[in-house]
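A.B. asks: sharing a sequence plus its predicted fold:
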Amino acid sequence: MTAHNNDDVQQKNRNLVRKLVLIVVAMFGFGYALVPLYDVLCDVTGLNGKTNETAVAETQYPVDKNREMTIEFVTSLNESTPMTFYAVTPKLKIHPGQYYTVNFIAENKTDKPLVAQAIPSVSPGLAAEYLKKTECFCFSQQTFAPHEKKTMPVRFVIDPKLPERYKTITLAYTFFDNTDRNQ
Amino acid sequence: MSAVIAEHDEHHDHGPAKGILRWIITTNHKDIGTMYLVFSLIMFFVGGTMALIIRAELFEPGLQFVDPQFFNSMTTMHALVMVFGAVMPAFVGLANWMIPMMIGAPDMALPRMNNMSFWMLVAGILLMASTLFMEGGGPAAGWTFYPPLVLQTGKAFPFAIFAVHLLGISSIMGAINIIATIFNMRAPGMGMMKMPLFVWTWLITAFLLIAVMPVFAGAVTMLLTDRFFDTSFFDAAGGGDPVLYQHIFWFFGHPEVYIMILPTFGVVSTIIPVFARKPLFGYTSMVWATGFIAFLSFIVWAHHMFTVGMPIAGELYFMYATILIAIPTGVKIFNWTATMWKGSMTFETPMLFSIAFVVLFTIGGFTGLMMSIAPSDLQYHDSYFIVAHFHYTLVPASIFVLMAAGYFWLPKWTGNMYNERIARLHFWLSAISINILFFPQHFLGLAGMPRRIPDYAVQFADWNMISSIGAFIYGFSQLLFVYIVIDTIRGGTGKATDEVWEDASKHSLEWTLPSPAPYHTFTTPPTKIPSEHLD
Amino acid sequence: MKKARQLFAGLALSIFGLGLAHADYTLNLTEGVTKVSKDVHDLHMLILWICVFVGIGVFCTMFYSIYHHRKSKGHKAEQFHHNTTVEIIWTIIPTAILIGMAIPATKTMLEMDDVQDADMSIKVTGWQWKWEYDYLDNGIHFFSSLDEASNKARQKGSGIDPKTVPHYLLNVDHPLVVPIRTKIRFLFTAADVIHSWWVPDLGWKKDANPGFINDAWTYIEKPGTYRGQCAELCGKDHGFMPIVVIAMEKEDYKQWVEQQKEAAAAEANAAEKSWTQEELVAKGETIYANNCASCHMPDGSGMPGTFPAIKGSPIVTGDIKQQIEIMFNGKGMMPAFGQMLNAVDFAAVATFIRNGLGNSVGDMVQPSEIAAMQNATAANDDTDEE
């Protein structure tokens, strides 16, 4: 038994270890907490240009007839998603504050049912929060019967508070095949 | 618990157990330190062999030796082995040996946990290495494990993740032990501001470890559940985001690189004063600078991700925060220079390696500063320029200083002097070849060569060939170190004195002990604490 | 400095007796061909010079000390260990220098960020391991992968000396063609894993993330061919998906656009003609080497555990419809080739794998059948102009 290794030091060690383990556990939790924190951060800063994930209620904005801007619709398919997918109107001149409806067409090209999820992304990312959608096929998964072709409307408005420097906004959708996930 | 430990201690009073069991069940800090150091040296050669496979393939354009997939798994495993198998365990080994002796403690605070963390490390590395032989090959998505690519790994995937968990738990236990030792086991009179800087830097490193290793464990666990349990943390199809992984990873990753460099600072701050025969210049500012660097490491992570598509405010913030790191790092380099200034220097091998560290680490720091400038980083990012940068801050920094530490403390560990002539040969071969190896990589990166490619356009051929030649010279000259270590254990060039280096006992407590250091030291605490930097 | 570095380089080369002093190597970052790339280059040089200057100061002090303050010269050690004034000075001066660096860096960053007011847009999609380009304004669309000569030479044990291949690993089958003096906006995304689009002459790289879009822009001043590579590790053939940008005068670009439209029409005609099995197999061999061999291996043996073998595969030797369905729509890691290959190439490779690589099923598919499948869905091209 040494002067250091007495019960007193043992007790101190035990207390310290307890605190340190607590930090470890807390930091493990913090890693997970970063996931919702990141979403909050995305909302605030426009990181990755995520748009609203559920429909917003249709509120009236003052329409700015003097300001005209362009909105582009870009479509992609991830990996082996067996679909065709395109915007009927790939480009539109719009006025902020006014509601527009555009159609997207998607078709299942297989002989089997297909479940797919569309993920929206906006460029420039900072403009995403000004793009409000009241109706969108991306709010939920889409189920397609074999070879089914669907026409899917998106209704949106650009908040007139959008800073003047934005003249073109691109709204992109990527369809992911989620069929396996749903089995 | 205390009864068990007491029993253990009595057992150990008779000296080490005999045979192989001594090593398996040992709780003695010196035995465990030795095991860590030997293990890390072996891993240094394993990781080095992988590096030589990479450099052999890159010697000439065209694919000569390996398939691209195996090449990727070599770059991945080289990094994992070097980071988790060589550099980190080597510093834990040094901590085990030296921290109790430097603060006048009889052992580490938690000896049994110490043993467990070592064997967990071995298990983790073996598991990681075994993935190379699994169907589909080892992980090949880079040591950063970026999804979605990493999710394409074959059968090895869950095993690689589990190996990372083991390595993480091992480091966390090591870190807890070090913190407990430093907080609770210091000899009477050993105030915090009297501790050698090596102890200070390790204390801060240990806090970094317990703060970020769990975050990494969380990130890889999310990868695991994404692949096997249908979560979608990083899968866009389920509302996740692959970029989120990069944020979490680098929240761990940036402190992680400091985990490998801060103890390096500590060792150099311990060696230079001994051979300059002067107290360390600016002890207090060194402690503060280390703490400040550690703090900054938590708020600069996204400078690894300037190309990922962050909003402008993010790019600017991370650029400014990163630029700040140059200030405390500069302070350290100035302090080391000032420690040498007007000293009475001699240039034994530990000092040679330390001086080479200061010079070459400064070069690595400069390229780091260049990359902190976000617009230019959009060119440097993921090119050979960054490969050159982080190897300058790891090889001629961490590895050189580990070599310096080896030569510096070998006489204390073994009781014998090493062969100075061969050691100097080792130094000069290393110092020259490392620059032949890494300096041309700056040119390659600036000329547009991306990293992690197994084959390249012919305009990159010359510098790649030179770099590979440097790699082979460097790799094989490290065998000299192994020879010297074995030779020293067997008697070296004669018995070392207790102090080993002239007036070393003025600097730190370990030099007041006999050489070799007895199995149990400071069972009664020292009475006189060296504190020349306060006088 | 440039001269000195070249001198050093030459010296280093002659020391190693490589005799490559005349070889085509570069030491520094390119100035590039856009204003942004020049700004980045200037910024790079500014910081480099500051580092060189500070480095010389620190290293000279250190080596002066190493030379003069040594024991062998009888220098006695002084015992000072701090000096507050000096410490404050060497904290404040670097801070001032760093602020000086941050100002021009911020300016350039803001400039790079401004993608508004672009004259045209190109969507770039990263695939394992090729690039897809969509001209959003005129509907031109194609895939761009490593050219055939490089692809042959890069196989392990190919026996082809890369030095004999023009632009080895930096050449593609379909380069991206753009007009000069036009603000071009790029939208980046990826179909599988993360890629990164890097042409050093444009001054930046940008990641392509699956499911998300990133943007960047360029304004090229000078006609020419600019080469780059994927910069983010994206799997096995990450090193083999180069980028070639050909910038031409606006007039030439217009002609190129017309040619592309004619070529598309010609392609459709070729698909209508009736092909023999021999013709298709002969054509299919090259298509296989360029599109399939990197996973399924040049001899069709696959990679156990990751990529299935073609040789003797139950799918390839089984029902042709099922094989075409998988090729067309993809499966798991296998991308959907339905829109990636034109009808002739698709039919050729589908026929080739049934009658080559050790398989001999003996049947075939006509390009016209594939064209029908493609037309069934592509009646409305998603990039049609309003």
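C.D. replies: Yep, that arrived. Residues are numbered from 1 along each chain as shown, chains lettered A, B, ... in the order given.
A.B. asks: tell me which helix or strand of chain C sits lowest on mean pLDDT?
C.D. replies: None of the helices or strands of chain C scores lower by mean pLDDT, DSSP states H and E than helix C:2-15, at a mean of 51.
A.B. asks: helices of the stretch 251-386 of chain C, start to end?
C.D. replies: According to DSSP state H, counting those that start in this stretch, the stretch 251-386 of chain C carries its helices in the segments C:277-291, C:293-296, C:320-329, C:343-355, C:367-378.
A.B. asks: for those, which one ends up most surrounded?
C.D. replies: Greatest average neighbour count among the helices of the stretch 251-386 of chain C goes to helix C:343-355 (a mean of 25), per mean count of other CB atoms under 10 Å in any protein chain shown. No exception for glycine: its C-beta is placed from N, CA and C like everyone else's.
A.B. asks: check the offset of that one from the chain's centre.
C.D. replies: Computed by CA atoms, centre = their mean, to the nearest Å, the chain-centroid distance of helix C:343-355 equals 27 Å.
A.B. asks: residue B:89: what's it in contact with?
C.D. replies: B:36, B:39-40, B:43, B:121 (CB atoms under 8 Å, 6 or more residues apart in numbering or on different chains).
A.B. asks: what distance do you get for it to residue B:480?
C.D. replies: Distance from residue B:89 to residue B:480, counting by CB to CB, to the nearest Å: 22 Å.
A.B. asks: could you chop chain C up by domain?
C.D. replies: Using automatic domain parsing, the domain parsing of chain C gives C:22-113, C:120-266, C:273-378.
A.B. asks: same list (those domains) but as TSV, adding distance to residue B:143 and mean pLDDT.
C.D. replies: Below are those laid out as TSV (distance: least, CB to CB, whole Å; pLDDT from 0 to 100):
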stretch	distance to residue B:143	mean pLDDT
domain C:22-113	26	90
domain C:120-266	10	93
domain C:273-378	20	81
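A.B. asks: so which of those domains is the most packed in?
C.D. replies: domain C:120-266 (a mean of 20).
A.B. asks: now residue 61. Nearest residue, chain neighbours left out?
C.D. replies: No chain specified, so I'll use chain A. residue A:97 (3.9 Å; CB to CB, 6 or more residues apart in numbering or on different chains).
A.B. asks: you looked at the wrong chain, it should be chain B
C.D. replies: Residue B:61 sits nearest to residue C:162 (CB to CB, 6+ apart), 4.2 Å away.
A.B. asks: pretty sure the one you found is touching residue B:62, no?
C.D. replies: Yes: assessed by CB atoms under 8 Å, residue C:162 is found in contact with residue B:62 at 4.7 Å.
A.B. asks: low-confidence stretches in chain A?
C.D. replies: A:1-6, A:44-50, A:182-183 (pLDDT under 70).
A.B. asks: what residues does it put near chain C?
C.D. replies: By the rule CB under 8 Å from any CB of the partner chain, the part of chain A lying against chain C is A:48-49, A:72, A:74-82, A:84-91, A:105, A:107, A:109-110, A:119, A:121-124, A:165-168, A:170, A:172, A:174, A:176.
A.B. asks: just those that are near chain B?
C.D. replies: Restricting those to those within reach of chain B (CB under 8 Å from any CB) leaves A:48, A:78, A:119, A:174, A:176.
A.B. asks: roughly how far apart are the third one and residue C:370?
C.D. replies: To residue C:370, residue A:119 is 30 Å away according to CB to CB.
A.B. asks: can you give me the helices for chain A?
C.D. replies: Ranges of helices within chain A are A:7-45, based on DSSP state H.
A.B. asks: excluding its backbone neighbours, what's nearest the residue in the stretch 101-250 of chain C positioned nearest to chain B?
C.D. replies: Residue nearest to chain B within the stretch 101-250 of chain C: residue C:211 (2.7 Å; CB to the nearest CB). Ranked by CB to CB, 6+ apart and with sequence neighbours excluded, the top spatial neighbour of residue C:211 is residue B:236, at 2.7 Å.
A.B. asks: what distance do you get for the one you found to residue B:58?
C.D. replies: Distance of residue B:236 to residue B:58, computed by CB to CB: 34 Å.
A.B. asks: quick one: the strands in the chain, in order.
C.D. replies: In the absence of a named chain, this looks at chain A. A:69-77, A:83-87, A:91-94, A:99-108, A:114-123, A:131-135, A:142-144, A:149-158, A:168-177 (DSSP state E).
A.B. asks: before we move on, back to that, so of the contacts of residue B:89, which ones are in helices?
C.D. replies: Checked against DSSP H, those include these in helices: B:36, B:39-40, B:43, B:121.
A.B. asks: can you pull the pLDDT of the residue of chain B found nearest chain A?
C.D. replies: Proximity of chain B to chain A (CB to the nearest CB) peaks at residue B:218, 2.8 Å away. Looking at residue B:218, its pLDDT is 94.
A.B. asks: pretty sure residue A:33 is one of the things it touches, is it not?
C.D. replies: No: Residue B:218 lies out of contact with residue A:33 (CB under 8 Å); the separation is 9.2 Å.
A.B. asks: neighbour count winner among these two?
C.D. replies: Set residue B:218 next to residue A:33 and count neighbours by other CB atoms under 10 Å in any protein chain shown: residue B:218 wins out with 22 against 14.
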